[in-house]
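# build me a structure from this.
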Amino acid sequence: MVLLRLDSLALSRSRFALSPFAETLSTMIVLSRPCTEPWLTAWHARHHAAFRARLDADPFTRGLVMLCGSTKYLPDHLVLPPSGGMGTTLESELGEVARVPDTAVRNSLVQSVAHSWENHTLDWLTGHAHAARTAELVREVWQEHVAPDWPSRRALLERDVTYRAGLLAAHGWPRALHQMSRRSAWVGSDTIRFSDRPGPDRMVGPDGMLFVPVSGPRGAWLCEAPGRPHALVYPARGAGGQAEGERRDPARSERPVARLIGAGRAAILRELERPATTSELAALLGQSLGTVGGHLAVLREAELLVSTRVGRRVVYQRTALGDLLADAGPGSGSSESKPT
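Prediction:
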């Protein structure tokens with residue numbers, strides 16, 4: 001198994017970050033495969049044909065994407081740790097990727113092929129400027145398949161960070177990292193099991209680690225670069241619950257609780273099944289900050305939710321009474337698919 005062994009100062013300096021590049025890479029992997037998650041069906045159907053056409057039109061694109069979707073070792077130039085924290089921009093990441101030398105790209109691709117569970121060759125790796133071509137591919141996929149719903153994706157990712165930051169403040173890192181991925185787990189007082197597959201352990205120095213959520217429904221990977229903190233990319237809680245252009249079932253707003261407190265407040269109460277901030281709720285529901293803030297004030301006065309400060313954020317969560325009201329009426333306990 002692969003273990004991440006943490007320096008004595010690593011935990012106190014570990015933090016969360018976002019990576020538009022990792023989000024796009026995750027999207028590419030999802031679109032390269034048949035859709036198996038019910039909540040992603042509509043989004044996948046809208047984007048899959050165009051993405052497959054892109055693969056069919058360019059051997060380099062097809063070779064790289066199909067390899068990434070079937071290997072235990074992602075190419076090194078695709079797994080550089082983000083350097084901008086929660087404000088990391090795609091352009092900054094693309095600039096770093098584009099500067100990777102061709103020799104380094106080829107060497108890491110050879111490793112990826114060796115660790116693949118499918119048969120691959122590198123016949124598609126022709127010409128030069130491999131990293132720059134990769135960066136341009138990621139930019140195009142971002143613009144076509146990710147950017148249109150990035151605000152809602154970002155809200156989901158920030159919500160996961162908010163949730164885990166709350167656990168961190170209350171219970172420490174072991175609880176905050178619980179079930180980040182199917183294979184990761186806390187082992188002892190200073191070690192994270194990253195994978196149950198064979199591989200060398202990593203030493204995490206005093207700069208700590210970065211934890212980077214993506215909205216892909218599965219998969220986790222480790223980002224490494226000399227002189228930079230390791231970054232663990234993991235699927236966010238609730239990933240895939242509502243992709244671009246999807247709307248909630250209007251029938252749900254007709255439940256008795258919506259008629260009792262109003263559809264807007266009922267929607268917020270349902271969303272607070274997981275704690276969230278005002279801005280996260282506004283992005284998820286497509287409402288203004290003022291509208292959401294007004295609804296939150298009424299719900300808090302009615303003792304249906306409480307607020308807690310986590311760092312610079314104010315996080316709202318339902319009270320026991322709020323839980324009862326949100327689950328009341330027809331539609332509760334229905335058989336619709338829900339992300340876990």
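# burial measure for P82, as a count.
25 (other Cβ atoms under 10 Å). Where C-beta positions appear, they are placed from N, C-alpha and C, glycine not excepted.
# hang on, I meant W186
Count around W186 with other Cβ under 10 Å applied: 17.
# moving C-terminal of the helix or strand of the chain with the lowest mean pLDDT, what's the next helix or strand?
For the chain, counting by mean pLDDT, DSSP states H and E, helix 256-261 ranks last in confidence among helices and strands (a mean of 71). The helix or strand immediately downstream of helix 256-261 is helix 263-271, counting by DSSP states H and E.
# who does that next one touch, helix- and strand-wise?
Packed against helix 263-271, as judged by 3 or more Cβ pairs under 8 Å, 6 or more residues apart in numbering; DSSP states H and E, are the following elements: helix 256-261, helix 278-285, helix 289-301, helix 320-326.
# weakest of those helices by average pLDDT?
Across the helices and strands packed on helix 263-271, helix 256-261 has the smallest mean pLDDT, namely a mean of 71.
# show the backbone phi and psi for the residue most central in space within the chain.
Nearest residue to the geometric centre of the chain (Cα atoms, centre = their mean): V214, 1.4 Å. The phi and psi values for V214, taken as degrees, to the nearest 10, are phi -130, psi 160.
# okay, now the closest residue to it other than its chain neighbours: neighbour count?
Distances taken as Cβ to Cβ, 6 or more residues apart in numbering place S26 nearest to V214, at 4.3 Å, with adjacent residues excluded. The number of residues packed near S26 is 23, by other Cβ under 10 Å.
# ok, S26 touching P217?
No: applying Cβ atoms under 8 Å, one finds S26 not in contact with P217, separated by 9.0 Å.
# what helices and strands are in contact with the top helix by length along the chain?
Ordering each helix of the chain by length in residues (DSSP state H) puts helix 150-171 first. Using 3+ Cβ pairs under 8 Å, 6+ apart as the contact test, the elements touching helix 150-171 are strand 15-16, helix 20-31, helix 173-176, strand 210-214, helix 278-285, strand 305-310, strand 313-318.
# related to what we said a few turns ago, tell me the most buried of the helices and strands packed on helix 263-271?
helix 278-285 (a mean of 21; mean count of other Cβ atoms under 10 Å).
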